[in-house]
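>>> Predicted model and sequence below, questions to follow.
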Amino acid sequence: MTSTTMTGLEMAGLPSVVSERLSKKFSRNLKERAIEAVLFFAAFVSVFTTIGIVYVLISESVQFFRHVPIVDFLTDRQWTPLFDDAHFGIIVLLSGTITSSLVALLVAIPMGTVIAIYLSEFATPRAREIAKPILELLSGVPTIVYGYFALLFITPILQTFIPGLPGFSLLSAGLVMGIMIVPYVASISEDAMRAVPMALREGSFAVGATRLQTATRVVFPAAISGVAAAYILGISRAVGETMILAVAAGMQPNLTFNPLEPAATITSFIVQVALGDLPHGSIGYQTIFAAGLTLFLLTLVFNLIGFFMRKHYREAY
Amino acid sequence: MAAIAQNAAEIRALIGKGRRWDTTFVVLGIICLGIGLLTFATLFFDMAIDGFSRLNPEFFAQFPSRRAGQAGILSAWVGTTLVMLVTAFFAVPLGIGAGVYLEEYAPKHWITDIIEINITNLAGVPSIVYGLLALGLFVYTFGLGQSILTAGLTLALLILPIVIVATREAIRGIPGVIREGAYALGATRWQTVKDHIVPYSMPGILTGVIIGLSRAIGETAPIITIGALTFIAFLPPAPITDVAPYISFEWLKAPFTVMPIQMFNWTSRPEEAFQHNAAAAGFVLVLMTLTMNGLAIWLRYRLRKHIKW
């Protein structure tokens, strides 16, 4: 087809234009390929990042586990990495992480769910237009500011209700952390509920159900895998949160599940060590990577479960 | 007749009960949203009141000091600005490039799947883990030290997923006919991307970039982990010098502090005077993120209002 056109044009006395365009084709192709390669590289940076994280965490942790048997790491009930009599029982830090996360989830899950149901099933478009930016503002506040707020505003208020509450506590940090996670839980759950087809709601209304009955007995169960994903991603957020705990929960390692006590978490321990001046390559330096690896694996499990659950509800309808 | 009337009354009662429950739930929803808004308002005004005495021009022009009354945030806001420049320099092109690749170029096969799962997972990795990555890789392996460059790179990696996701969503909003039109006129893929796809999705991309940067501004944990100093009483070398070649990149290697770290330092001191400083620094920080988030919300609103394909 092209060749006949060319001959036609050549006969018409217009050879140069077309053949020039075609001779550009090679360099044009080369440029296209090069650009595609550059863009692929940009996309692959994320893979490099993951490889980098895994490499750094594992290589330093391997050094750490040469000194500390992994059984001690998992079963020891003391955490005193910088003492002469060093103990490395991660369970001590985990107890702080679990307790503060539970407090946070007790706030975030009920509030987030109610807000999500309200926004998806009850709110007028206008109300939604106002409410969503409010949630975004809440999620945009730097965590260090939340930490300040927990330590210097919430703790004194709690102390008037709970006499004997220490200046640092998992309760106060956890409560503020919960408020921080609310927008996150609410927006993912709302997405899931809005993805439920209108026909299900119409069917429910047609048999005489009220809005609330439709929301709690039809829409919520239909969106359950997305809502569960929201909860799980919320847990992952709570486990990885650092500054609120570092500021308001104290940084003393403490094996406790009582939210009224101060305790260190995995994250606040890393901050505490990083604030000091530990020589590169020392056991104390390697400790934070072992703690970091624990944290990374923990959040990875939650993130993957959340990822596949979200994928599931997207495919459901 | 009586039986029907009684029935109607029952039905009416039932409907009334349902309505009351609905109203109760709406009130509950509004209360929950109100708690959120109240929290934000309380922390904002609490910091404004506590830090009011310190919010004067000198506060922005003074270095940190052992005396709370003379301490300021000069090195902190300069540090934050420079770190953000580095972050934006790396995160914006890489994020847009990756987003464009995944939407416009990527073939459907396992490598693409891996990249996608990866980005989703990276978005959920706790920020402090990025700090450990930077400590092990940038600070010690690459020898970049505890510098502005290290901090900027770390935060760039941290916000990359946000920029990528925003870019992809913006590109997905562009109808296929735009691409087909460009291809029909003989444009190559790259010409289509650079002349049509990227310019048309710019407001959406910009929203993502602003939200990403506003998150980076407030990030404390990864910067503490790489070992940023908390007491910096000097400024990094100026980027413009009076000798040729007039531009210096020495500031990239300089030690630094940033706003959230300065605030953390003041918050963790027992003296009340320093807590006023922390409040003032926190107020400035929230104001910065608030402005950026507001800008992003406004951009998105404008976008939704003006662009109709």
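Yes, it's here.
>>> which one's the longest helix in chain A?
helix A:15-67 (DSSP state H).
>>> quick one: contacts for residue 137?
By default, I'm working from chain A. In this structure, residue A:137 makes contact with B:40, B:290, B:293, judged by CB atoms under 8 Å, 6 or more residues apart in numbering or on different chains. Quick note: C-beta positions are derived from backbone N, CA and C, even for glycine.
>>> Actually, chain B is the one I wanted.
Residues near residue B:137 by CB under 8 Å, 6+ apart: A:52, A:56.
>>> Can you give me the separation between it and residue A:59?
Residue B:137 sits 10 Å away from residue A:59 when distances are taken as CB to CB, to the nearest Å.
>>> Can you give me the neighbour number for residue 156?
In the absence of a named chain, this looks at chain A. By the measure other CB atoms under 10 Å in any protein chain shown, the count of residues near residue A:156 is 12.
>>> wrong chain, I was asking about chain B
Burial of residue B:156, expressed as a neighbour count using other CB under 10 Å, amounts to 24.
>>> And the one 10 residues further on, by the same measure?
By the other CB under 10 Å criterion, the neighbourhood of residue B:166 contains 24 residues.
>>> shouldn't it be in contact with residue B:209?
Yes. A contact is recorded between residue B:166 and residue B:209 when judged using CB atoms under 8 Å, the distance being 7.3 Å.
>>> what sits in contact with each of the two?
Listed contacts common to residue B:166 and residue B:209 are residue B:95; contacts here mean CB under 8 Å, 6+ apart.
>>> Where does pLDDT dip in chain A?
Along chain A, the model assigns pLDDT under 70 to residues A:1-24, A:313-317.
>>> so the residue most central in space within it is in which element?
Taking CA atoms, centre = their mean as the criterion, residue A:237 is the residue nearest the geometric centre of chain A, at 4.4 Å. For residue A:237, the host element (DSSP states H and E) is helix A:224-240.
>>> Determine the set of other helices and strands touching that helix.
Identification of packing neighbours for helix A:224-240 by 3 or more CB pairs under 8 Å, 6 or more residues apart in numbering or on different chains; DSSP states H and E yields helix A:90-117, helix A:170-194, helix A:283-316, helix B:110-124, helix B:127-134.
>>> immediately after the second one, which helix or strand?
In other words, helix A:170-194. Counting by DSSP H and E, the next helix or strand C-terminal to helix A:170-194 is helix A:198-206.
>>> which residues does residue B:202 contact?
Residue B:202 makes contact with residue B:170 under the criterion CB under 8 Å, 6+ apart.
>>> per-residue confidence for it?
You'll see residue B:202 listed with a pLDDT of 88.
>>> Pull out the buried residues from the helix holding residue A:237.
Using 16 or more other CB atoms under 10 Å in any protein chain shown as the burial criterion, the residues of helix A:224-240 that qualify are A:225-240.
>>> which secondary structure elements does the helix or strand following that helix contact?
The helix or strand immediately downstream of helix A:224-240 is helix A:243-248, counting by DSSP H and E. Here helix A:243-248 touches helix A:143-149, helix A:170-194, helix A:266-275, helix B:259-267, going by 3+ CB pairs under 8 Å, 6+ apart.
>>> which stretch among those helices comes nearest residue B:106?
Nearest to residue B:106 among those is helix A:170-194 (24.0 Å), distances taken as CB to CB.
>>> and that closest one, anywhere near chain B?
Yes. Judged by CB under 8 Å from any CB of the partner chain, helix A:170-194 and chain B are in contact via A:179, A:182, A:183.
>>> tell me which parts of the stretch 201-309 of chain B are close to chain A?
Listed as neighbours of chain A in the stretch 201-309 of chain B under the rule CB under 8 Å from any CB: B:211, B:214-215, B:217-221, B:224-227, B:230, B:260, B:263-264, B:267-268, B:275, B:278-279, B:282, B:285-286, B:289-290, B:292-293, B:297.
>>> In helices, which of those residues appear?
Per DSSP H, these map to helices at B:211, B:214-215, B:217-218, B:221, B:224-225, B:260, B:263-264, B:267, B:275, B:278-279, B:282, B:285-286, B:289-290, B:292-293, B:297.
>>> Stretch A:113-121 and chain B in contact?
Yes. Under the criterion of CB under 8 Å from any CB, chain B is reached by stretch A:113-121 at A:114, A:115, A:117, A:118, A:119.
>>> Just name the closest of those residues to chain B, please.
Each of the residues of stretch A:113-121 next to chain B was scored against chain B by CB to the nearest CB, and residue A:118 proved nearest at 2.7 Å.
>>> Against residue A:204, how distant is that closest one?
18 Å.
>>> Comparing those two, which residue is more hemmed in?
The residue with more neighbours, out of residue A:118 and residue A:204 and counting by other CB under 10 Å, is residue A:118; that gives 25 against 18.
>>> By neighbours, which of the residues of helix A:170-194 next to chain B wins?
Going through these with other CB under 10 Å as the criterion, the one with the most neighbours is residue A:182, at 29 neighbours.
>>> correct me, but it touches residue A:107?
Yes. Counting by CB under 8 Å, residue A:107 is a contact partner of residue A:182 at 7.2 Å.
>>> give the contact list for residue A:142.
The contact partners of residue A:142, by CB under 8 Å, 6+ apart, come to A:243, B:217, B:218, B:219, B:220, B:260, B:285, B:286, B:289.
>>> With distance to residue B:27 as added columns, please give the helices and strands packed on helix A:243-248 in a markdown table.
Formatted as a markdown table, the entries for these read as follows, by distance: least, CB to CB, whole Å:
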| stretch | distance to residue B:27 |
| --- | --- |
| helix A:143-149 | 26 |
| helix A:170-194 | 17 |
| helix A:266-275 | 37 |
| helix B:259-267 | 37 |
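>>> Could you identify which of those helices is most buried?
helix A:143-149 (a mean of 28; mean count of other CB atoms under 10 Å in any protein chain shown).
>>> Quick check: which helices or strands does that helix pack against?
helix A:170-194, helix A:243-248, helix B:2-51, helix B:198-218, helix B:259-267, helix B:272-306.
>>> give me that answer again for 7 Å
Contact analysis of helix A:143-149 by 3 or more CB pairs under 7 Å, 6 or more residues apart in numbering or on different chains; DSSP states H and E lists helix A:170-194, helix A:243-248, helix B:259-267, helix B:272-306 as its packing neighbours.
>>> As a markdown table, these with distance to residue B:74 would be great.
Output for the helices and strands packed on helix A:143-149, formatted as a markdown table (distance: least, CB to CB, whole Å):
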| stretch | distance to residue B:74 |
| --- | --- |
| helix A:170-194 | 30 |
| helix A:243-248 | 23 |
| helix B:259-267 | 10 |
| helix B:272-306 | 12 |
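>>> for the ones you listed, which one sits closest to residue A:133?
Each of the helices and strands packed on helix A:143-149 was scored for nearness to residue A:133 using CB to CB, and the closest is helix B:272-306 (5.1 Å).
>>> list the helices and strands that closest one packs on?
Under the contact criterion of 3+ CB pairs under 7 Å, 6+ apart, helix B:272-306 touches helix A:125-140, helix A:143-149, helix B:2-51, helix B:198-218, helix B:259-267.
>>> if we can go back for a sec, write the ChimeraX selection for whichever of the contacts of residue A:137 are buried.
Burial among those is assessed by 16+ other CB under 10 Å; the matching ChimeraX selection reads:
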select /B:40,290,293
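>>> what's the closest of the contacts of residue A:137 to chain A?
Distances from chain A to the contacts of residue A:137, taken as CB to the nearest CB, are shortest for residue B:293 (4.4 Å).
>>> returning to that earlier point: now the residues of the stretch 201-309 of chain B next to chain A: which count as buried?
Under a neighbour-count criterion of 16+ other CB under 10 Å, the subset of those counted as buried comprises B:211, B:214-215, B:217-221, B:224-227, B:260, B:263-264, B:267-268, B:275, B:278-279, B:282, B:285-286, B:289-290, B:292-293, B:297.
>>> List the residue ranges of the stretch 101-250 of chain B that fall below the pLDDT cut-off.
Segments of the stretch 101-250 of chain B classed as low confidence (criterion: pLDDT under 70) are B:230, B:240-244, B:246-247.
>>> still on that earlier bit, mind checking which of the helices and strands packed on helix A:243-248 is nearest residue A:304?
For residue A:304, the closest of those is helix A:170-194, at 15.5 Å, according to CB to CB.
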